[in-house]
Structures are given as structure tokens and as C-alpha cells.
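> Dropping a prediction and its sequence here:
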Amino acid sequence: MRDGRVDGHRGRGGEHRHRTRQFEAFVAGAAGRLLHAATLLTAETRTRNPRAQALLTASLAHTYAHWDRLRGEDPYDRTRADLATRFARTAWRHHRGKGGVLSALTPQERLVVVLRLYEGVAEEQTAALLGLPEDRVRAVCARSVSALRRGPGAGPGPGAGPGPGAGAGPQGTRAAS
């Protein structure tokens, strides 16, 4: 045994330290953008975003727990998907934001806008992640952009669909373990 290695391989402690260093490097590079996405989802302000921080912490913990099983999967995509799923499952808690730029939108609208426009996720991928048809994602995105252009407090436009609570979370979203 030499430098924590047995027969030229890393010992358990060395593997753990390597995994931790990799994860810490990922967090250093991605946490800012992911926190901003979470803040947009929860419709909080940048300076006061405890729900967004809790959402991101839970998603990062999930990513760390599954770090060894990523096998070439992009950890950013995995964390973003977990963040979206966690938000969708708790969207009823986030119906009205605390003054964030997207607070006029419903949770589902915020989720679609953040994934499509802020994160640049393809329509097909967004639809698959949320368990919605592509045309629904397209319609929600268009309606949301229109509402944002009308300005704060304008609320949903004509044909916006059911009121708050109806469809607040994505239907068919797979559960994260």
C-alpha cells in the first residue's frame, strides 16, 4: 500500500475524494446558473430566494448521490431535470411568487419558459421531461411570452385555460428517486 493505493488502484478513500473533487468542480461551474433557474421557477427575487436555494440543494444532493451512476450523462442536464421535476411536484406551493420577474405566470408557465427560453432545452425534450404533448409546450410558451410582454399584473390572456391549480404541475412527470 502506497499513498492510499492498493496494487496500483485507488483505495475507497481515494475514490471518494476523487468523486467529491469532481462534484465540487461541477458545482463551482454550474451552481450559479442553476440557482438562477430555480429562482426564476419559484418567482422569488435574486436577493431573497430561500425556496430556490432549497430546491437547488435537494437537486444537487440527488445528483451527488447518483454521481457514480451518471456513466457519461451530463450532470448539468441531470440536475436541471431533477430541479424541474422537484419544482413540478411542489408547484402548488409556488403559485404566487415573491416579486420575481416571472411571478405573473403560473408554475407550469414558469417551468416551460425557464426550460425553453432560459435553459434552451428543445421543445421535444421539454415535452418529454414534463410529460406533455409538444403542441401543449408550444402553446404554453407562446401564451407565457405574450403575458410577459403585456407587463406585470396583466395575468393570463384570453384562452389561457383553467385557473390556478389546474394543471399547475406537469402531468405524467416521472418521479425522482
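Done, it's in.
> next structured bit after the helix ranked longest in the chain?
Longest helix in the chain by number of residues, with DSSP state H as the criterion: helix 12-42. Downstream of helix 12-42, the first helix or strand assigned by DSSP states H and E is helix 50-65.
> Next secondary structure element downstream of that next one?
helix 75-89.
> Can you point out the buried residues in that following helix?
Pro75, Arg78, Thr79, Arg80, Ala81, Asp82, Leu83, Ala84, Thr85, Arg86, Phe87, Ala88 (16 or more other Cβ atoms under 10 Å). Just so you know, the C-beta spots here come from the backbone N, C-alpha and C atoms, and that holds for glycine as well.
> Report all helices and strands that it contacts.
Under the contact criterion of 3 or more Cβ pairs under 8 Å, 6 or more residues apart in numbering; DSSP states H and E, helix 75-89 touches helix 12-42, helix 50-65, helix 107-113, helix 123-130.
> Export it to CSV, keeping only CA atoms.
What follows is helix 75-89 as a C-alpha-only set of coordinates in CSV (Å, rounded to 0.1, in the frame of the first residue of the first chain):
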residue,chain,number,x,y,z
PRO,A,75,-24.5,16.1,-14.7
TYR,A,76,-25.9,19.6,-15.6
ASP,A,77,-28.8,18.0,-17.6
ARG,A,78,-29.4,15.5,-14.8
THR,A,79,-29.5,18.2,-12.2
ARG,A,80,-31.7,20.5,-14.3
ALA,A,81,-34.2,17.7,-14.9
ASP,A,82,-34.3,16.9,-11.2
LEU,A,83,-34.8,20.6,-10.4
ALA,A,84,-37.7,20.8,-12.9
THR,A,85,-39.3,17.6,-11.5
ARG,A,86,-38.9,18.7,-7.9
PHE,A,87,-40.4,22.1,-8.8
ALA,A,88,-43.3,20.5,-10.6
ARG,A,89,-44.1,18.2,-7.7
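> roughly how far is it from the heart of the chain?
4 Å (Cα atoms, centre = their mean, to the nearest Å).
> okay, who's weakest in the buried residues of helix 75-89 by pLDDT?
Here the lowest pLDDT out of the buried residues of helix 75-89 sits on Ala88, with 87.
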